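# Okay, predicted coordinates and the sequence, questions at the end:
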Amino acid sequence: MSRCLWVLATDTDAGKTYVTEGLLRALTERGCRTQALKPIACGHEMGGVNGDVQRLLALQPDCVADNLCCYDFAMAAAPQIAAMVANQRVSVATVTSWLQARTAAKHGYQISLIEGVGGLMVPLNETQTFVDLLPMLPGAKVVLVVGSRLGCINHALLTLEALRNKGLTPLAMVLNDVQNNPQALVHHAQMLQTHAPELPLLISPFHAPSAWPELAEWLLNCC
């Protein structure tokens, strides 16, 4: 099995796909055979494919949507709701089997980037949330994406607590300037470093992905 890295976030639109794209490019440029997967996607764009899935497919020309995504729902909503509307139910066992098959050693990938959906506690079905997926891939690491905006410190600390309750500590956090507000970015970085000093923090300025080479090198050394 390839080394697996969850790219998770504190909330929707925090920049999971943006970070996944950046890491995919940076790791590939360093000669690391890397794939990006999004096991659950909600919300179709034109053409009937999720926009995040389209972006990841564009960087993996030999990949098809079925090999990148296990569940792809038309409705932009929590997976439990989107699945109900489609007369389906998200099965953690199904996603786990799909991920194990896609990350198997026979595919030859050294690192598999696995992008989450929404926030950590988004409901998958009537009894399970996304966090229940994480222990299904023992040894997989976590990078936590924090969108720099009002409320992000609260969301980040709650997410860290939920991860630790599952026995997981992220390898690093990425603070992503989603609103082009450099002053808020500095303040949020200071707060995260104060309240979670044990975690490496990488800063991603607005549409200036300077963090990816640094994070890619770091991951290659410790993931």
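Now that the structure is in, tell me what you want to look at. The structure presented is a predicted model; accordingly, all values stated were derived computationally and were not measured.

# what's the model's confidence in stretch 10-30, averaged?
Taken as a whole, stretch 10-30 has a mean pLDDT of 91.

# Please export the C-alpha coordinates of it as CSV.
The C-alpha trace of stretch 10-30 is given here as CSV (Å, rounded to 0.1, in the frame of the first residue of the first chain):
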residue,chain,number,x,y,z
THR,A,10,-11.9,22.7,9.4
ASP,A,11,-14.9,23.5,7.2
THR,A,12,-16.1,23.6,3.7
ASP,A,13,-14.3,25.9,1.2
ALA,A,14,-11.2,26.1,3.4
GLY,A,15,-9.0,25.0,0.4
LYS,A,16,-8.7,21.2,0.6
THR,A,17,-8.6,20.9,-3.2
TYR,A,18,-6.3,23.8,-3.6
VAL,A,19,-3.8,22.3,-1.1
THR,A,20,-4.2,18.8,-2.7
GLU,A,21,-3.5,20.2,-6.1
GLY,A,22,-0.4,22.0,-4.8
LEU,A,23,0.9,19.0,-3.0
LEU,A,24,0.3,16.8,-6.0
ARG,A,25,2.3,19.1,-8.3
ALA,A,26,5.1,19.6,-5.8
LEU,A,27,5.5,15.9,-4.9
THR,A,28,5.4,14.9,-8.6
GLU,A,29,8.0,17.5,-9.5
ARG,A,30,10.3,15.9,-6.9
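
# Return the distance of that stretch from the chain's centre.
8 Å (C-alpha atoms, centre = their mean, to the nearest Å).

# Distance from the chain centre to stretch 82-98, please.
The answer for stretch 82-98 is 18 Å, by C-alpha atoms, centre = their mean.

# what's the first-to-last distance across that stretch?
20 Å (C-alpha to C-alpha, to the nearest Å).

# now what about that stretch, what contacts it?
39-40, 42-43, 70-71, 73-77, 79-80, 124-125, 128, 132-133, 136-137 (C-beta atoms under 8 Å, 6 or more residues apart in numbering). Glycine gets a C-beta too; all of them are placed from N, C-alpha and C.

# mind listing what's buried in it?
82, 83, 84, 90, 91, 92, 95, 96, 98 (16 or more other C-beta atoms under 10 Å).

# following the helix or strand harbouring the first one, which helix or strand comes up?
With elements taken from DSSP states H and E, the one containing residue 82 is helix 79-85. On the C-terminal side of helix 79-85, the nearest following helix or strand under DSSP H and E is helix 92-102.

# Residue 51: how many residues sit nearby?
Here the count is done by other C-beta atoms under 10 Å, and residue 51 has 15 residues near it.
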